[in-house]
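K.L.:
sequence plus the predicted model coming up.
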Amino acid sequence: MDYKEILQSAGYPTDILCLDFETYFDTEYGLGKMSTIEYINDSRFELAGVGWLWPDSDKTHFEGGYKWTNEAVNAMWTNWGDEATWVVQNAKFDITILQTKFGIVPKYIIDLKDLACHYDSQMSHKLEDVAKMFGLKPKGDTQQFKGLHWDDATEEQHKNLAEYCINDVELETELFKILLPKLSNPAFELQLMRHTLDLWLHKRFAIDMKLATSLKMKMRSKMAQTVKDSGYTVKELRSQKFVKFLQEVLPEGENVPMKQGKRGNIMAMAKNDEACQELLVHPKKEVRDLVLARLSVKSWPTHIKRVEGIVAQAKANGGLLRVPLQYYAGHTGRYGGSEGINLQNFGGRGRAGSGIDPLIGEVRKLLCTPDINFVLGIGDSAQIEARMLAWLAGQQDLLDGFARGEDVYSVFATTLFRSPVRKARKTDPVSIAKMLDIRRGFGKDAVLGCGYGMGSAKFYSRCIQNPSLRPLFDSGQYDYGFIEKLIKTYRTTYPLIPAYWNDVERAFSRCIRFPHLQPEVGPVQFSCLEGTVHVRLPSGRILYYRHAQMSKKGIKYHHGPLWGGSITENIDQAISRDLLGYWILKCEENNLKILLTVHDEIVILVDVMKQDEQMKLFESILCTVPDWAKGLPVAAEVKVSENYSK
């Protein structure tokens, strides 16, 4: 279908109005220096002009200066309003200007960045890069207008700005016609795009300013204590001298791990670097402590900055925080954070994680209900990925356990330890309760963490990075052999799950080798078109793997290597995301106001006077599935709170 047929099928107007604002910026004032809402609501904000392409028009228009820009925008709204689909490159910018400066929020809006994200979430979504990728004319250089006020500019500069803006509008219009047909399941996805934009435009949180101040003080204190314990200064830990310090504490024969940087070799000291992860679990405590101190002086300022960013954005918006989520931020379609505050990351989940400091999780409590007559309703889809995996693989015993509401973590732990395991009770002796908690915890870690092929080395590494588990391994109570046993037990207890990894990998590779084939693995279909593997999910959405090919080392695509476990993880998380989207739209259909979603969790605004009624409805929605997920047992945990808490 072409773009008009797609718009019509989704209930959108087939006439498009492409819009692009130009605004003043300089070295100290610009989107590179501040968040979008701070920039737009700053006293220095100035409209330099607007470019647009009318529906079915062959000519792109531009008006410069505040007066003519104002008249042009009002004319657009008067002539087209909700009779057109408004297309922009960055809705958080252009539509927020329409909203805050003109009081206009069109009903039908499509953000080109969202379309580009859906096509490939990992590529650059800058207009100049996407245009280059599709062989369109180059975008101009915006830096020529830095520090330029419209009223002070020459006629030549006015002309240059007009040409620059017109070129942008024409590129955006062409890209819209290219990218919209690549949007899979458009009727559903366009609604999710608009929902995401509405979170930014209309749904807002109050911020606990006292807690923000307290958190910043505690974070600074924790960083200071870590630095003090290391015996070095912040400056030393951040400097290149750290190589020397680390080399001095490493055992003889071991060297500081290095990697290739933009300007030669650099230390492999980013937290996600495999070498850094290995140093964090190094047998020598001095090594672990020094690396932890280095990471501390790098990470705590980032967390402090996020708290400051949340406060600053709320203040710039009259005291209420807009929710900036990025639609389709990952390959699976899941949301990501944006605007420098990342409301999708409030600490790790699961016990065998990386030992996320609890203080980081406290940041979520900054988000409060904006009115004393309302509370927050928080609903979490329980174990959705593990349930989804059992459903996909046909692991019926595990699926039945979820459906019956069994404590599947204890069930697996009982098999692993060959001794009954259950949740600890208040009446249990302390030693028994502790033993049950530890053993059930390993059961939980396995059920939630081993479904995508995690091996013994990685599981072991995660365990000994966790402060609560490390002592158990240092003491010899548990060891690497135990982890090997755990992994083997998981795969033999649930054999259809490893078999599913193999089936998925086989189907993926077959359609690369034989593009005329369209193999299926359960409700998922694989096909290959011009080097791009299409994985069609039961919802109808497609995951695209560009430049997929086979090599002696296995499968790879544009963004790296793949194997059955990683593809399974993509599929599981993508379908879980589609379920989240289904619940989001069901909440909206039932007038439940969503304020935020975080992974598999939804936060709504609940009227205190209607609390029981709304929470009952909320829970019932989270416990239903669409027709394409028939047979998938789901469950939800819901609660109310004055702030966003776990």
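P.N.:
Sure, I can see it.

K.L.:
now the nearest residue to residue 635 once chain neighbours are set aside. Its backbone dihedrals?
P.N.:
Leaving aside its chain neighbours, residue 635 sits nearest to residue 382 (4.4 Å; criterion: CB to CB, 6 or more residues apart in numbering). (C-beta placed from N, C-alpha, C; glycine too.) Phi and psi for residue 382, reported as degrees, to the nearest 10, are phi -70, psi 130.

K.L.:
what's the pLDDT at residue 382?
P.N.:
If you check residue 382, the pLDDT there is 94.

K.L.:
same question for residue 491.
P.N.:
On the pLDDT scale, residue 491 is placed at 98.

K.L.:
host element of it?
P.N.:
Element membership for residue 491, per DSSP states H and E: helix 480-493.

K.L.:
where's the spatially closest residue to residue 133 that is not a sequence neighbour relative to residue 130, distance?
P.N.:
In this structure, residue 133 finds its nearest non-sequential neighbour in residue 123, 7.2 Å apart by CB to CB, 6+ apart. Using CB to CB, to the nearest Å, residue 123 is found at 8 Å from residue 130.

K.L.:
any common contacting residues for these two?
P.N.:
Shared contacts of residue 123 and residue 130 (CB atoms under 8 Å, 6 or more residues apart in numbering): residue 116.

K.L.:
the two: who's more crowded?
P.N.:
Comparing residue 123 with residue 130 by other CB atoms under 10 Å, the one with more neighbours is residue 130, at 25 against 15.

K.L.:
got the contact list for that one?
P.N.:
112, 116, 123, 124, 175.

K.L.:
residues of the one helix or strand it maps to that come out buried?
P.N.:
In the assignment (DSSP H and E), residue 130 maps to helix 127-133. Across helix 127-133, burial judged by 16 or more other CB atoms under 10 Å covers 127, 128, 130, 131.

K.L.:
what's in contact with stretch 371-381?
P.N.:
Against stretch 371-381 from outside (CB under 8 Å, 6+ apart): 367-369, 576, 579-580, 583, 592, 595, 600-609, 611, 614-615, 618-619, 622, 634-645.

K.L.:
mind doing that once more with 6 Å?
P.N.:
369, 600-608, 615, 618, 622, 636-642 (CB atoms under 6 Å, 6 or more residues apart in numbering).

K.L.:
and stretch 471-485, by the same measure?
P.N.:
Defining contact as CB under 6 Å, 6+ apart, one finds that stretch 471-485 is touched by 456, 459, 460, 464.

K.L.:
pull out the buried positions in it.
P.N.:
Quick answer for stretch 471-485 (16+ other CB under 10 Å): 472, 473, 478, 482, 483.

K.L.:
over to stretch 283-301?
P.N.:
Within stretch 283-301, judged by 16+ other CB under 10 Å, the buried ones are 287, 288, 289, 290, 291, 293, 294, 295, 296, 297, 300.

K.L.:
hmm, who's touching it?
P.N.:
Contact with stretch 283-301 is made by 219, 223, 226, 230, 234, 237-238, 242, 246, 249, 271, 279-280, 282, as judged by CB under 6 Å, 6+ apart.

K.L.:
centre of the chain versus it, how much separation?
P.N.:
27 Å (CA atoms, centre = their mean, to the nearest Å).

K.L.:
same check on stretch 494-513?
P.N.:
27 Å.

K.L.:
may I see the buried residues of it?
P.N.:
494, 496-498, 500-501, 503-505, 507-512.

K.L.:
and stretch 85-104, average pLDDT?
P.N.:
97.

K.L.:
endpoints of it, how far apart?
P.N.:
Using CA to CA, to the nearest Å, the end-to-end distance of stretch 85-104 comes to 14 Å.

K.L.:
next one: stretch 555-574
P.N.:
End-to-end for stretch 555-574, by CA to CA: 20 Å.

K.L.:
what about the buried residues of stretch 494-513, which are in helices?
P.N.:
Among the buried residues of stretch 494-513, the ones falling in helices (DSSP state H) are 496-498, 500-501, 503-505, 507-512.

K.L.:
and the residues you listed, which two are furthest apart?
P.N.:
Farthest apart among those by CB to CB are 496 and 512. That separation is 24.6 Å.

K.L.:
pLDDT on stretch 11-27, on average?
P.N.:
Here stretch 11-27 scores 96 as its mean pLDDT.

K.L.:
quick check: the residue of the chain most remote from its centre vs residue 628, distance?
P.N.:
In the chain, the greatest distance from the average C-alpha position (CA atoms, centre = their mean) is reached by residue 155, at 44.7 Å. Using CB to CB, one gets 59 Å for the distance from residue 155 to residue 628.

K.L.:
next SSE after the biggest helix by length in the chain?
P.N.:
In the chain, with assignment by DSSP H, the single longest helix is helix 285-316. Following helix 285-316 in sequence order, the next helix or strand is strand 320-322 (DSSP H and E).

K.L.:
buried residues in that following strand, which are they?
P.N.:
Result for strand 320-322 [16+ other CB under 10 Å]: buried residues 321, 322.

K.L.:
go on, stretch 251-261?
P.N.:
Per 16+ other CB under 10 Å, stretch 251-261 contains these buried residues: 256, 257.

K.L.:
give me the secondary structure label for the residue nearest to residue 68 when sequence neighbours are not counted.
P.N.:
Nearest non-adjacent residue to residue 68, counting by CB to CB, 6+ apart: residue 49, 7.7 Å away. Per DSSP: H, G, I helix; E, B strand; the rest coil, the secondary structure class of residue 49 is strand.

K.L.:
so what sits opposite residue 49 in the bridge?
P.N.:
Under DSSP bridges, the beta-bridge partners of residue 49 are residue 22, residue 64.

K.L.:
burial check on it, number of neighbours?
P.N.:
22.

K.L.:
who touches it in this structure?
P.N.:
Per CB under 6 Å, 6+ apart, neighbours of residue 49: 22, 62, 63, 64, 69.

K.L.:
between the residues you listed, which is closest to residue 393?
P.N.:
Closest to residue 393 out of these is residue 22 (52.9 Å), distances taken as CB to CB.

K.L.:
that closest one against residue 166, yeah?
P.N.:
No - Residue 22 is beyond contact range of residue 166, at 10.5 Å (criterion: CB atoms under 6 Å).

K.L.:
neighbour count: those two, which is higher?
P.N.:
residue 22 (23 against 19).

K.L.:
ok, that one - contacts?
P.N.:
48, 49, 165 are the contacts of residue 22 under CB under 6 Å, 6+ apart.

K.L.:
distance of residue 600 relative to residue 376?
P.N.:
Relative to residue 376, residue 600 is positioned 17 Å away (CB to CB).

K.L.:
also residue 465?
P.N.:
On the measure of CB to CB, residue 465 and residue 376 end up 32 Å apart.

K.L.:
can you list the weak-confidence ranges in the stretch 251-400 of the chain?
P.N.:
348-355 (pLDDT under 70).

K.L.:
switch the cut-off to 80
P.N.:
261-264, 271-272, 347-356 (pLDDT under 80).

K.L.:
host element of the closest residue to residue 203 other than its chain neighbours?
P.N.:
Nearest residue to residue 203, sequence neighbours excluded (CB to CB, 6+ apart): residue 595, at 4.8 Å. Assigned by DSSP H and E, residue 595 falls within strand 593-598.

K.L.:
any idea how far that strand is from the chain center?
P.N.:
With CA atoms, centre = their mean as the basis, strand 593-598 stands 14 Å off its chain's centre.

K.L.:
can you check stretch 413-423 too?
P.N.:
Offset of stretch 413-423 from its chain centre (CA atoms, centre = their mean): 35 Å.

K.L.:
now stretch 14-29
P.N.:
26 Å.

K.L.:
may I see the buried residues of that stretch?
P.N.:
For stretch 14-29, burial by neighbour count (16+ other CB under 10 Å) applies to 15, 16, 17, 18, 19, 20, 21, 22, 23, 24, 25, 29.
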